[in-house]
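Asker: Predicted model, plus sequence, below.
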Amino acid sequence: MRMSQLAAIGVTLSLLACGATPTRRSPGEAFDDAGITARVKTSIARDTGVGEATAVNVDTYRGTVSLAGFVDSPEAAAAAARAAAQATGVKKVENKLQIKPGR
């Protein structure tokens with residue numbers, strides 16, 4: 001093989017490595033998900049208060065937002081899920097929030 005052919009194969013392989021697969025996000029998808037996460041955290045803080053927002057862990061994968069952590073009441077959990085669903089780019093919300101013990 002000539003050097004130009006090897007270079008072409010190398011470029012092709014590196015481009016394929018950057019693409020999305022069924023189990024891995026592309027860099028662009030990861031960037032989009034990071035933006036969604038930021039918008040969801042902002043939306044929760046605006047709608048439920050900063051205290052609740054800091055107690056909620058937000059993870060986004062391909063537009064599906066997962067909420068986890070402990071909140072004070074079922075109403076707070078529902079409000080966080082509603083706020084998350086309203087954020088731009090959110091396709092689905094998985095509400096895994098738990099109520100703090102003794103509440």
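Answerer: Nice, thanks for sending it over.
Asker: And the residue sitting nearest the centre point of the chain, which helix or strand is it part of?
Answerer: For the chain, the residue nearest the mean C-alpha position is T60 (1.3 Å; C-alpha atoms, centre = their mean). Taking DSSP states H and E as the criterion, T60 maps to strand 56-61.
Asker: roughly how far out does that strand sit from the chain middle?
Answerer: In this view, strand 56-61 has its centroid 5 Å away from the chain centroid, taken as C-alpha atoms, centre = their mean, to the nearest Å.
Asker: Remind me what that strand packs against, helices and strands.
Answerer: helix 27-48, strand 64-71 (3 or more C-beta pairs under 8 Å, 6 or more residues apart in numbering; DSSP states H and E). In this view, the C-beta of every residue, glycine as well, is placed from N, C-alpha and C.
Asker: can you redo the ones you listed as JSON lines with distance to I99, mean neighbour count and mean pLDDT?
Answerer: Listed next are these as JSON lines, based on distance: least, C-beta to C-beta, whole Å; neighbours: other C-beta atoms under 10 Å; pLDDT from 0 to 100:
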{"stretch": "helix 27-48", "distance to I99": "14", "mean neighbour count": "17", "mean pLDDT": "92"}
{"stretch": "strand 64-71", "distance to I99": "7", "mean neighbour count": "18", "mean pLDDT": "96"}
